[in-house]
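Chemist: sequence unavailable; structure follows:
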């Protein structure tokens, strides 16, 4: 048997460079490259291999370990999970900084390969710098916490273990039902150890992502259920995009007159101006979608995991005869809401159902003009919100209207946390699939700038806009520097509303007077953070990093800034000064956050009583 003598790190990169995936006959190089921050634990192992043995893998220098994982996650998400980046870090703090990013990828079912350095397997120099020592279990290192946020985890303590571990890693990374973060902990001494690897281990390997059809019996049960219902509602989740099934979903809805609502991950599957497109559903949903959800006798979930925001904490579906039909490639998600299910690829399941329902001559039973009327009412509300003026300042929904009216139909908006995801889910108007990139599985503050960088890497031909608040920007903006370094164009739209206003609003809506969520100076009179707002100049900060920047305080200034930003060749930040509390809320929605049963404030007790009443009307599981 022919062998090649390589260090474990060199073998790892050589293997990754030869991995391909094929979907619908289209072959794609699966691993685009490696993002990394070097330190002891990876600089003389993977670092040396990347310097001299990287093959066709590109290397990108991260600036924050969490940020580069978010960028890798966004890249894979925008690529519909057909291409990934690996991320490498040193041991200790460098590794631990990736855990939030790992959880974000796993919650969203997005493949990302994490390669943190680890303690010496030989233990000769123990304890090394940054080593975590647990007296009761000396095998534990700073990488063990990755187990709880990874879909596959392994520690390579001998160079030959790499081979079997990589095969399992690739199994998970390319599995649409079981993907997420994959973590291979790499002891720093083992990375540099050599082994005679079989040469055929490094031959080109193609992973076939075959579309999984629904079992005939399951399809038949689903057809029988749909045929028995008059008011079905489709909820399109992220699986619609990953399956590239937006066209088939729309054809299915049109064939049978079924309205479509969207989750955060599914939004942009249906054009906003389509007669059956109701927009977002649930806690951050539209009035049209939530009213139809309340009356629907069948919910057809396509590629959704039914999060609490989608279901409005399981209060959205109030018809006593409502049933659920779940089309999902993941059996774990298929059984949710106690529904009938077809465990299959979304496109395959939709096509099979349409064929049989057409033979039966099925048609939904909505009264003429009912869906159209609700949709027209909601479109009018969005028009109102987009033109909303205030004598006190620039409203957030007005600013979004300006941006939505300016950008192109194929431009991508990226968001994740704060009040903006709620506004975007409700009022943002998309006409093309994959133009709405929302990380709302983990709603991780700080994803926005890093994620926009990842999206721009994935689709450099598109304009990419990171939409975030000042709170998220302050938490994590480091990959803006990486975008500048790489010459990758993205535009950061920073909505400055002086704090964590989403949670501030949540507080006040449940009995609080507001505490600890606005960016104010500490008052000498009260001793609390309720003095004047802090005058932070975010545009100046961005310029100090090397980005172009502009500031807008009204609609005219914002339109001008957007034009100037589009003309820039590199990264841009537009600071938008908006009036706090001018986000959207309500629209027949609810979110169970838990309210204290005991309090010295009557407003809190009242909010608790209202919560208990709402829980009584929600589904228990």
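Modeler: Here it is on my side, so go on. Source: prediction; values computed, not measured.
Chemist: how far off centre is stretch 267-281?
Modeler: With C-alpha atoms, centre = their mean, to the nearest Å as the basis, stretch 267-281 stands 19 Å off its chain's centre.
Chemist: got the buried residues for that stretch?
Modeler: Neighbour-count burial for stretch 267-281, counted by 16 or more other C-beta atoms under 10 Å, picks out 267-272, 276-281. Backbone N, C-alpha and C define where each C-beta goes, glycine included.
Chemist: those residues: which two are farthest apart?
Modeler: For the buried residues of stretch 267-281, the maximum inter-member distance is 16.4 Å, found between 271 and 281 (C-beta to C-beta).
Chemist: follow-up on the earlier one: which one of the buried residues of stretch 267-281 sits closest to residue 362?
Modeler: The nearest one, if we look at these relative to residue 362 and count by C-beta to C-beta, is residue 276, at 15.4 Å.
Chemist: contacts for stretch 554-561?
Modeler: Applying C-beta atoms under 8 Å, 6 or more residues apart in numbering, the contact partners of stretch 554-561 are 394, 398-399, 402-403, 406, 550-552, 574, 576.
Chemist: could you name the helices and strands sitting against the helix or strand in which residue 405 is found?
Modeler: Element membership for residue 405 (DSSP states H and E) is helix 396-406. Packing partners of helix 396-406 (3 or more C-beta pairs under 8 Å, 6 or more residues apart in numbering; DSSP states H and E): helix 370-386, helix 420-427, strand 491-496, helix 555-567.
Chemist: single out the most deeply packed of those.
Modeler: Of all the helices and strands packed on helix 396-406, strand 491-496 has the most neighbours on average by mean count of other C-beta atoms under 10 Å, namely a mean of 27.
Chemist: before we move on, the earlier item: just among the contacts of stretch 554-561, which is most surrounded?
Modeler: Neighbour tally across the contacts of stretch 554-561 (other C-beta atoms under 10 Å): the maximum, 28 neighbours, falls on residue 576.
Chemist: could you look up the SS state of that one?
Modeler: Look at residue 576: counting by DSSP: H, G, I helix; E, B strand; the rest coil, its state is strand.
Chemist: pLDDT and distance to residue 108 added to the buried residues of stretch 267-281, as CSV?
Modeler: Shown next, in CSV, are the buried residues of stretch 267-281 (pLDDT from 0 to 100; distance: C-beta to C-beta, whole Å):
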residue, pLDDT, distance to residue 108
267, 98, 14
268, 98, 16
269, 98, 16
270, 97, 21
271, 98, 24
272, 98, 23
276, 98, 27
277, 98, 23
278, 98, 23
279, 97, 21
280, 98, 17
281, 98, 18
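Chemist: which of the residues you listed fall within strands?
Modeler: 277-280 (DSSP state E).
Chemist: and of those residues, the nearest to residue 259?
Modeler: For these, the minimum distance to residue 259 (C-beta to C-beta) is 5.3 Å, reached by residue 278.
Chemist: residue contacts, the nearest residue to the closest one once chain neighbours are set aside?
Modeler: Leaving aside its chain neighbours, residue 278 sits nearest to residue 289 (3.9 Å; criterion: C-beta to C-beta, 6 or more residues apart in numbering). By C-beta under 8 Å, 6+ apart, residue 289 lies in contact with 233, 259, 261, 278-282.
Chemist: go again with 7 Å.
Modeler: Residues counted as contacts of residue 289 (C-beta atoms under 7 Å, 6 or more residues apart in numbering) are 261, 278-281.
Chemist: how close does the most centrally placed residue in the chain sit to residue 76?
Modeler: Centroid check for the chain by C-alpha atoms, centre = their mean gives residue 439 as the closest residue, at 2.2 Å. Separation of residue 439 from residue 76 (C-beta to C-beta, to the nearest Å): 12 Å.
Chemist: and residue 244, by the same measure?
Modeler: Applying C-beta to C-beta to residue 244 and residue 76 gives a distance of 15 Å.
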